[in-house]
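Student: Fold the following for me, if possible:
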Amino acid sequence: MRIRDLFDRYQGMTSFAPLGFEVQRAEGIYLYDSEGRPFVDLIAGISVCSLGHGDPDVLRAIRTQAERYCHVMVYGEMVLSPQAEFARDIIDALPDGLDKVYFTNSGAEAAEGAIKLARRFTGRAGITAQVQAYHGSTAGALSLMSDPYYTNRYRPLVPGVRFIRQNHTEDFRFIDHTTAAAVVELVQAERGAKVADPGFIKELAAHCKSVGALLVLDEIQTGMGRCGSLYLFEQYGIVPDILLTGKAFGAGMPLAAFISRGDVMDGLADNPVLGHITTFGGHPVCCAAAAAGWKKMQQMQLHQRAVALEAIFRQELQSIPNTEIQGKGALLALHLHNDERCRNTIRHCLELGLISDWFLFAPDALRIAPPLVMTDEQAIQACLIIREAISRADRDLHSVQ
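Tutor: Reported below is the predicted structural model:
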């Protein structure tokens, strides 16, 4: 039976129209299909593979740690050097006020942990999230999603969630003395890479402080250099009460975290004890890989590559008729202003050897989030493919009309 047949027959599906690309191998910025043909990976596993595929330092760290030990005990019970040393490295790179790390398997689990942590510390139940934000698909994280299309079939969800619009300060009335936390994305990725205004974020931070609510920044996609600094909040002149990180954080392995002050984080360890536990969060092999990736990203100054890549994509794509580029660094969205135009463009990109995707709340936009190791020449070549794919998509639309 073909691998695709096994995929269709035995795996639970997320949709009935999956991309269905059969990966034979991956190297650098390329994925290779079952026939060995290379495809430019313009989405990096949805902002995960910032170092590209198969980085030798990361692979070496995985092999070395796997030979020492893999899973030994649930997270937080035994002293494991990959966890402790990586936690130190993370905190050393962050400002005061972010000094303890709780490792999880995924960004959604980090969001779940942040909800619990905020409620535990403040003694409040209310959570405020953003309209058209995405923090994961588990029950708690899903509760932070405003769109009823994605939530109605799974209700009842976590109660007490209210929503604010990005860059609308009048919505701060939904953050009050009953609010445990405001959960915010600095770039609303799934809305089509919509960037928050600095003034809005600074006012939000001040408002949260005035009412005693914790500010939770979801930097699962924007962190690890993707938007031009280690974490994007550094460019806004604020420090969150809780920081969510994931995706590229694990250097291609399943690892994420929520990070906060010691006095906040300590609430999970007492009354009740084991207030938050995870079996595989902070897996030693994942932490070893992440530590190697962390070191490599800093050595290569990949946050600067993100800035350079943004400049290239904007320069090469901005002249395409009836399009608009939004986003920050190497997290960009090329808005095509037509869902069918975007779908056809993605299809033609695949035919031409490039893999992209759309956004959950912006099906008219093409995702541009490549590995940060992409060279200038590779970025320009990707833009040439995108331009040709849009040209073909436009011909498709005109032929139908």
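
Student: so who does R120 touch?
Tutor: Contact analysis of R120 by C-beta atoms under 8 Å, 6 or more residues apart in numbering lists 267-268, 275. No exception for glycine: its C-beta is placed from N, CA and C like everyone else's.

Student: quick one: which of the residues you listed is most hemmed in?
Tutor: Greatest neighbour count in the contacts of R120, by other C-beta atoms under 10 Å, goes to L268: 21 neighbours.

Student: is it fair to say A84 lies in a helix?
Tutor: Yes: counting by DSSP: H, G, I helix; E, B strand; the rest coil, A84 is found in a helix.

Student: Tell me how far it lies from G262.
Tutor: 15 Å (C-beta to C-beta, to the nearest Å).

Student: So between the two, which is more surrounded?
Tutor: A84 (13 against 10).

Student: And the helix ranked longest in the chain, what's buried?
Tutor: Counting by DSSP state H, the longest helix found in the chain is helix 376-400. By 16 or more other C-beta atoms under 10 Å, the buried positions in helix 376-400 come out as 378-379, 381-383, 385-386, 388-390, 392-394, 396.

Student: follow-up on the earlier one: ok, so of the contacts of R120, who is nearest Y69?
Tutor: Set against Y69, the nearest of the contacts of R120 by C-beta to C-beta is L268 (25.4 Å).

Student: hang on, that closest one in a helix?
Tutor: Yes: assignment of L268 by three-state DSSP places it within a helix.

Student: Please enumerate the helices of the stretch 251-400 of the chain.
Tutor: 262-265, 284-300, 302-317, 339-351, 376-400 (DSSP state H, counting those that start in this stretch).

Student: closest to L217 out of those?
Tutor: helix 262-265 (14.1 Å).

Student: Residues contacting that closest one, please?
Tutor: For helix 262-265, the external contacting residues (C-beta under 8 Å, 6+ apart) are 99-100, 102, 117, 121, 214, 241-242.

Student: now those residues as TSV including distance to R68?
Tutor: TSV is the format used below for the contacts of helix 262-265 (distance: C-beta to C-beta, whole Å):
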residue	distance to R68
D99	28
K100	25
Y102	23
L117	31
F121	36
L214	37
D241	36
I242	32
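
Student: Highest neighbour count among the residues you listed?
Tutor: In the contacts of helix 262-265, the most neighbours by other C-beta under 10 Å go to I242, 27 neighbours.

Student: which ones are touching that one?
Tutor: For I242, the contact set (C-beta under 8 Å, 6+ apart) comprises 114, 117-118, 181, 214-217, 258-260, 264.

Student: Distance check, it against A110.
Tutor: Shown here: I242 relative to A110, a distance of 9 Å by C-beta to C-beta.

Student: Which neighbours do those two have in common?
Tutor: Residues touching both I242 and A110 (C-beta under 8 Å, 6+ apart): F258.
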